[in-house]
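**Student:** Pasting a predicted model and its sequence here:
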Amino acid sequence: MLRHHLTLTCLSFAMLLTCTIVSAQQTSEIVKLKWINFGPYTNPGQSPGDAIIPEAQIKALLDSLQPYVEGIRTYGTEGGLEKIPQLAKERGFNVMVGIYLGPNSASNNIQIAKGIEIANAGYADYLIVGGEVLYNNFLTPAELIAYIEQVKAACPTIPVTTADVYTDLIAHPEVADACDFIFPNIYPYYAGQPVECALQWFDQAFQSLMPVTDGKQIIISETGWKTAGPIVGDAIPSFANAVSYHRELLTWSQSTGVEVTIFAAFDEPWKIPLNDDGWGLFFSDATLKPDMDSVFTPLLNPVNTWQCNEPPLIGLDTLTLDYIPVTGSFDDIRGHINYLNTCDYSIATYIKVGSGWWTKPTFAMPSVPVLCNGQWVVDYTGGGNDHLATDICFFLVPSTYIPPPCSGCGTIPADIYSNTIANECIQRYNLPNANIEASDEDICQGDSTTLTASGGSQFRWSTGETTAFIKVLPTSTTTYSVTITDGTGGGAIVEMIINVLPQPNFNIAVMPDTIDIGGVSMLSVTGAGSISFLWSTGETTRTIEVSPATTTTYTVTATGGNGCQKVDSITVVVDPVSSITLIKKISGLNVYPVPTDEFLQVEIELTKSMGLSCSLVNSTGSTMLKEKKYFSIGKNQLSIDLSSFPPGFYFLMVETDQGEIRAEKVVLY
């Protein structure tokens, strides 16, 4: 692993990052990536459109990538981004220049003009006109094509394309026709694929592009795996999963000869509030993430992980339904197949809404692939009243077969029955006995309760748990819901409110908090939130008198009108020194901080120079340390190291040779 031989030194000054990579190995041992997506917003407070990225920051980030990457892809031509292509070229990078396009035509024209200028200056190997414009509905296909043609005419020697989600390129073949090469975004992570099946899904998505490419080159615009963030379906972000995915992706690229542009070079803090950070191979400070150095090592004995095999036998049937969402739910439908090669088959789905049948997930994707583990997932809610579908039918068909489309058909086309290997239909209905019971619906703050669901065989709680019962510890009144299904189409969503009652709001007052041996202190519960009391002394009144012989902690349990209880405590400190003669020549004695944690600072002000003994006495009267020093007239400073003493109450005793004493209480935590 390269991590044992690489040292990264970073200096941050005025939010400007400067990094130098020092390698003890030969650069030939690092296999550079062909392309990486380059976002420079690596400092807090920087985000697209809100900040001009300093040139020095861009240089530092590019320098940090030099040992690892051959080429970069950018995302705009304003706000400092226009400097990136030239700076990258000066460092030997190949450059894909991204031209940002949005719904504002004036801004688009500025971006286009600058992109053309950069290209004609010799700083672009490829031009990317817009990113996910179709996916975000920023422009119509015709408007996007017009921008593409404008750039192609101005830069006839440079390949021009647009970047978009692969399904949108399939849905708009006219856009693909206008491009010199195809530049799709393919994310198994966003599709909720488990990492062990991600490359199979990725390859199937790639293959689905073939009908619109017309033999043109395909370069993957974006793909990657997050190291941190939310779980999406079965896609789990982690360092290990990210490394695994990128290694398999590079094996696929090497095997197929298709270039990939990994997303992304760096984490970018502006994405944290969007819950979408964690894509970088490097942290935002340009340090390589754990084990990510293996992405840059040679691919020895590469294994084909995108091929399809017969899945493990999970059930007895060739086609099995694992999860059918209840009526009104937007959850995905899940199932699996057995006995068959997973790449040879796909799942076609039709739903009945009202009196008509509809193709799902979309007309552009009339069937979904089967994963390498035999599992499949269908998003049946594309819009309208899909979530209210009463009947749903599934067909296991050859992956080469195109299911006939249905847009409100009276019946499912007969042709699919002639081509199916297995099929299953369900009719959704409400489970009549679905229910939640709680061990206690009203709980006090800090308490828990157990919720138990019944009336079905499968359970999905709003907490994410899938057992029949769950234990919850809400901090405030909370509504919990559970989706209950029976696996054959029956289901219900049941809710329960758990009321969280407040604990009594009170304090304990002590007067005085420090007493001499034999003295008396008064303890009282203050506040109107309690109706009954139980002290550790056994007394039950609001106020009690105590006369401890040593420093003692007292507790009280207060009960509120709603039955909730709260326990609090307070300590009465007993001064072990029974007689104190004030040192008249000390005009001031101050100890701080109060309370203290490690070093106690003592300020002694004298009217005459003299020798004094300074002692630290615990609450039982035992001397913990003692030191004699000569102090001069005026203010004197003394620092006492208390780091080795246990927390508690102490007294600082200052004593003259004649027996005069001055004491101050010290609280150590």
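**Tutor:** Thanks, I have the structure now.

**Student:** Mind checking the pLDDT average for stretch 479-498?
**Tutor:** In this model, stretch 479-498 has a mean pLDDT of 93.

**Student:** Pull up the distance across it, start to finish.
**Tutor:** Stretch 479-498 has its terminal residues 6 Å apart, counting by C-alpha to C-alpha, to the nearest Å.

**Student:** again, but for stretch 264-273
**Tutor:** With C-alpha to C-alpha as the measure, stretch 264-273 spans 18 Å from end to end.

**Student:** same deal with stretch 291-311?
**Tutor:** 30 Å.

**Student:** buried residues in that stretch?
**Tutor:** Met292, Asp293, Val295, Phe296, Thr305, Trp306, Cys308, Pro311 (16 or more other C-beta atoms under 10 Å). Every residue, glycine included, has its C-beta placed from N, CA and C.

**Student:** Next: stretch 230-242.
**Tutor:** Buried residues in stretch 230-242 (16+ other C-beta under 10 Å): Val232, Asp234, Ala235, Ile236, Pro237, Ser238, Phe239, Asn241, Ala242.

**Student:** Between those residues, which sits nearest Thr362?
**Tutor:** The shortest gap between Thr362 and any of these belongs to Val232, at 19.1 Å (C-beta to C-beta).

**Student:** correct me, but the closest one touches Gly192?
**Tutor:** Yes: between Val232 and Gly192 there is a contact under C-beta atoms under 8 Å: 4.8 Å.

**Student:** Find the pair from the buried residues of stretch 230-242 with maximum spatial separation.
**Tutor:** Longest span within these, C-beta to C-beta: Asp234 and Phe239, 17.9 Å.

**Student:** Please enumerate the strands of the stretch 101-250 of the chain.
**Tutor:** Using DSSP state E, counting those that start in this stretch, the strands of the stretch 101-250 of the chain run over 126-131, 160-165, 183-185, 220-223.

**Student:** The ones you listed: which one's closest to Ala198?
**Tutor:** Nearest to Ala198 among the strands of the stretch 101-250 of the chain is strand 220-223 (9.4 Å), distances taken as C-beta to C-beta.

**Student:** got the CA positions of that closest one in PDB?
**Tutor:** Below are the C-alpha coordinates for strand 220-223, written out as PDB (Å, rounded to 0.1, in the frame of the first residue of the first chain):
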ATOM      1  CA  ILE A 220     -18.300   8.300 -18.300                       C
ATOM      2  CA  SER A 221     -18.900  11.800 -17.100                       C
ATOM      3  CA  GLU A 222     -19.500  11.100 -13.500                       C
ATOM      4  CA  THR A 223     -19.500   8.000 -11.200                       C
END
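
**Student:** name the helices or strands packed onto that strand?
**Tutor:** In this structure, strand 220-223 packs against strand 160-165, strand 183-185, strand 260-262, with contacts taken as 3 or more C-beta pairs under 8 Å, 6 or more residues apart in numbering; DSSP states H and E.

**Student:** Including mean pLDDT and distance to Ser532, could the ones you listed go into a markdown table?
**Tutor:** As requested, the helices and strands packed on strand 220-223 are arranged in a markdown table below (pLDDT from 0 to 100; distance: least, C-beta to C-beta, whole Å):
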| stretch | mean pLDDT | distance to Ser532 |
| --- | --- | --- |
| strand 160-165 | 98 | 64 |
| strand 183-185 | 98 | 65 |
| strand 260-262 | 98 | 66 |
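
**Student:** of all these, which lies closest to Met653?
**Tutor:** Between the helices and strands packed on strand 220-223, strand 260-262 lies closest to Met653; by C-beta to C-beta that is 68.5 Å.

**Student:** Residues contacting the closest one, please?
**Tutor:** Applying C-beta atoms under 8 Å, 6 or more residues apart in numbering, the contact partners of strand 260-262 are 33-37, 73, 96, 219-224, 246, 249-250, 252-253, 281.

**Student:** Show residues contacting the helix or strand harbouring Leu589.
**Tutor:** Using DSSP states H and E, Leu589 maps to strand 586-592. The contact list for strand 586-592 (C-beta under 8 Å, 6+ apart) reads 600-607, 635, 652, 654, 662, 664, 666.

**Student:** for stretch 264-276, same thing?
**Tutor:** 36-44, 46-48, 61, 65, 69, 72, 224, 229-230, 277-284, 286.

**Student:** From the residues you listed, list the buried ones, please.
**Tutor:** Neighbour counting with 16+ other C-beta under 10 Å marks 36-43, 46, 48, 61, 65, 69, 72, 224, 229, 277-284, 286 as buried within these.

**Student:** Restricted to strands, list these.
**Tutor:** Judged by DSSP state E, strands contain the following of these: Ile36, Asn37, Ile72.

**Student:** Next, format these as CSV and append distance to Met496 and pLDDT.
**Tutor:** Formatted as CSV, those follow (distance: C-beta to C-beta, whole Å; pLDDT from 0 to 100):
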residue, distance to Met496, pLDDT
Ile36, 49, 98
Asn37, 46, 98
Ile72, 53, 98
